[in-house]
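Student: Can you look at this prediction? I've put the sequence above it.
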Amino acid sequence: MRTPVFCVLLASPAVGLVGQEFPSDGFQPLANGRDLAGWHGERSVSPYEKDRMTEEQRRAFLAEGARSVAEHWRVENGEIVNDGHGAFLTTDREFGDAIFELEYRTVAKADSGIYLRGCPQVQIWDYTEEGGKWPLGADKGSGALWNNKVHERFPPRRCDKPFGEWNKLWICQVGEITWVKLNDAWTVRGVRMENYWDRSRPLPRTGPLQLQTHGGEIRFRNLRVRELDGPTANRLLAQVDAAAFEPIFDGTSFSGWTGAVDSYEIVAGAVRCKPGKGGNVFTEKVYDDFTVRLEFRLPPGGNNGLAIRYPGEGTPAYTGIELQVLDNTAPQYAHLKPWQYHGSAYGLAPAHRGYLRPVGEWNFQQVTVEGSHVTVVLNGSEILAADLAGLESKLDGHVGKDRRAGHFGFCGHGDPVEFRNIRMHLGERAPK
C-alpha cells in the first residue's frame, strides 16, 4: 500500500523541503530568566488521565508537582536548571500549532526530551557508547521522535555537540506533522508524531510543552515560541511535497468538471455550493488510487461531502463513497451517528473529532485512497485510517463501497461550503 505523502518525506533530503518557508519572526519568550513563573511541575501522565481527574485529584497532582519543582528545578544566571530528578517542568499555557526554539546543555548519562502537547517526545540523550544506551539507538543522536513505532524515529545523522557545549533545538509542529532541527541540521522533516499515550488516536489538538529529565543535570535557556495561525499552518502543510501535486480546479471555471455545475459558483478562486442548492459536481476524469489535497471553509451548520470513486450517477454515499464535510459543532448535529461527523466514511467508518478549525476559517485536508484503504489527514492530524473492505455499510443499498475507480467531486446539501486549492497526486490514475 502506498504510504500517504506526509509520511515519506525522509526518502530524499530534498523531498518536502523545496520551497518550505517557516516563519522567523513573531517569537515570544517562554521563560523570564529570573524565576519559573509560567511553569509548573507534572509527573509523567497521559492527558486522558488528567482529563479524568476530579478537582480534588487535580489539586493534589499539581501540589505534588510543585513540591518536586521546588526540590529539583531552579533558575541560575538566566538558565533553567534541573538536577536530573523530579517532575517535568510544564508550561501553564497549552499550545497547538507552533514553533519552539530553545538551547540546552547536558552531561554524561543524562536522558531528557521535549514533550509536545504533553506527549513524548523529541529525544535528548547521551550519544556516547559510555552512556550505555546504544542498544536503544542513542548512537544515532538526539533530536528525533524516539517514541515513534511506525513512522521515522531516528535522525539521519548525529548532530549533538560535545558535553559542556550548548545545543540549539528548533521544533515546528502543525497538527501531528513535526519538523526538528538540532544545531541547524534537520533531524525530523515532516514526520507524523505518534500519540504515545494512545496510538489509536491522533495527538491531542493542544497541550503543554514539557521539559523531561532523568539521569543527569540539564540546563535550558532562550526558550521561545511562535504560535501559528490557521493560514500559516495551512501554507506549511501545502508546501510539503508540493511538486508532487497538480491542480484539478483552475479557480476560475468548471473546466474539467461536470455534473450539477449550475448549483455551484466560483467566488475568489473557490468553488462554493449555492445556498439552498445541491447535487454533485465532479471531475470528468476517473481515478482509482490517488491523494488529493484541498482547503475547505464551513459556514455555521455547513454540510457537504467529498465524492470518492463516484460512478457519475446516483448518490455518492451509495453508489461510491462519501467522506463527510460537516460543521461538527452545530447544535443540529449534536446527536448524529459517529460515522456522520466530519472526515468519516459515511455509513462505514467514523473519524476522530475535535480537529476542525473554528467555523469560518479555512481547513487543510489531505485524503489518500488506495485499494480499500482510506486515510484522512485534517489540518495535519490523521483523523481516519480505515480499510473499508471488511466493513459492513450502515446504509441499505450501498452498492459502491467496494468500487475501485470513479470520479472525484463534491456532494452539495444546500449549504455554501467552499473548496479551493484542489490538487491531486497523479502518480496513479485509472484510464479514462
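Tutor: Received the coordinates, thanks.

Student: which helices and strands does the longest helix along the chain pack with?
Tutor: If you go by DSSP state H, the chain has its longest helix at helix 55-72. Applying 3 or more Cβ pairs under 8 Å, 6 or more residues apart in numbering; DSSP states H and E, one finds that helix 55-72 contacts strand 39-42. Backbone N, C-alpha and C define where each C-beta goes, glycine included.

Student: Output the contacting helices and strands for the strand it packs on.
Tutor: helix 55-72, strand 88-91.

Student: winner for burial among those?
Tutor: strand 88-91 (a mean of 24; mean count of other Cβ atoms under 10 Å).

Student: Tell me where this protein has helices.
Tutor: With DSSP H as the criterion, the chain has helices spanning 47-52, 55-72, 230-239, 316-319.

Student: For those helices, give me JSON lines that also has mean pLDDT.
Tutor: Below are the helices of the chain laid out as JSON lines (pLDDT from 0 to 100):
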{"stretch": "helix 47-52", "mean pLDDT": "96"}
{"stretch": "helix 55-72", "mean pLDDT": "98"}
{"stretch": "helix 230-239", "mean pLDDT": "97"}
{"stretch": "helix 316-319", "mean pLDDT": "97"}
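
Student: out of those, nearest to residue 177?
Tutor: Closest of those to residue 177 is helix 230-239, at 6.8 Å (criterion: Cβ to Cβ).

Student: and that closest one, which residues are buried?
Tutor: 230, 232, 233, 234, 235, 236, 237, 238, 239 (16 or more other Cβ atoms under 10 Å).

Student: One more: stretch 197-208?
Tutor: 197, 202, 203, 204, 205, 207, 208.

Student: before we move on, what about stretch 30-48?
Tutor: Across stretch 30-48, burial judged by 16+ other Cβ under 10 Å covers 30, 31, 36, 39, 40, 41, 42, 47.

Student: what's the most distant pair in those residues?
Tutor: Farthest-apart pair in the buried residues of stretch 30-48 is 31 and 47; separation 22.6 Å (Cβ to Cβ).

Student: Excluding chain neighbours, what is closest to residue 122?
Tutor: residue 114 (4.3 Å; Cβ to Cβ, 6 or more residues apart in numbering).

Student: Quick check, residue 23 in contact with residue 227.
Tutor: No: contact between residue 23 and residue 227 fails when scored by Cβ atoms under 8 Å: they sit 9.8 Å apart.

Student: hey, C-alpha coordinates of stretch 236-250 in CSV?
Tutor: Output in CSV follows, covering the C-alpha atoms of stretch 236-250 (Å, rounded to 0.1, in the frame of the first residue of the first chain):
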residue,chain,number,x,y,z
LEU,A,236,3.2,25.0,5.7
LEU,A,237,1.2,21.8,5.1
ALA,A,238,0.6,22.8,1.5
GLN,A,239,4.3,23.2,0.9
VAL,A,240,5.1,19.7,1.9
ASP,A,241,5.9,17.8,-1.3
ALA,A,242,4.0,20.4,-3.3
ALA,A,243,5.7,19.4,-6.5
ALA,A,244,4.0,16.0,-6.4
PHE,A,245,0.6,17.6,-6.7
GLU,A,246,-1.2,19.2,-9.7
PRO,A,247,-4.3,21.4,-9.7
ILE,A,248,-7.5,19.8,-10.8
PHE,A,249,-9.5,23.0,-10.4
ASP,A,250,-8.3,26.2,-12.0
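
Student: okay if I get the helices and strands packed on strand 39-42 as a markdown table plus distance to residue 341?
Tutor: Formatted as a markdown table, the helices and strands packed on strand 39-42 follow (distance: least, Cβ to Cβ, whole Å):
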| stretch | distance to residue 341 |
| --- | --- |
| helix 55-72 | 29 |
| strand 88-91 | 31 |
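
Student: Go through the ones you listed and name the closest to residue 331.
Tutor: helix 55-72 (28.2 Å).

Student: Would you state the strands of the stretch 101-250 of the chain in chain order?
Tutor: Here the stretch 101-250 of the chain has its strands, by DSSP state E, counting those that start in this stretch, at 111-116, 119-125, 167-174, 177-182, 185-192, 210-214, 218-227, 245-247.

Student: JSON lines for the ones you listed, including mean pLDDT?
Tutor: Formatted as JSON lines, the strands of the stretch 101-250 of the chain follow (pLDDT from 0 to 100):
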{"stretch": "strand 111-116", "mean pLDDT": "95"}
{"stretch": "strand 119-125", "mean pLDDT": "96"}
{"stretch": "strand 167-174", "mean pLDDT": "98"}
{"stretch": "strand 177-182", "mean pLDDT": "98"}
{"stretch": "strand 185-192", "mean pLDDT": "96"}
{"stretch": "strand 210-214", "mean pLDDT": "92"}
{"stretch": "strand 218-227", "mean pLDDT": "98"}
{"stretch": "strand 245-247", "mean pLDDT": "96"}
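
Student: Format the ones you listed as TSV; extra columns: mean neighbour count and distance to residue 140.
Tutor: Compiled in TSV, the strands of the stretch 101-250 of the chain are given as follows (neighbours: other Cβ atoms under 10 Å; distance: least, Cβ to Cβ, whole Å):
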stretch	mean neighbour count	distance to residue 140
strand 111-116	23	14
strand 119-125	23	9
strand 167-174	21	15
strand 177-182	24	12
strand 185-192	24	9
strand 210-214	21	18
strand 218-227	19	19
strand 245-247	14	32
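
Student: To residue 388, which of the ones you listed lies closest?
Tutor: Nearest of the strands of the stretch 101-250 of the chain (Cβ to Cβ): strand 185-192, 21.4 Å.
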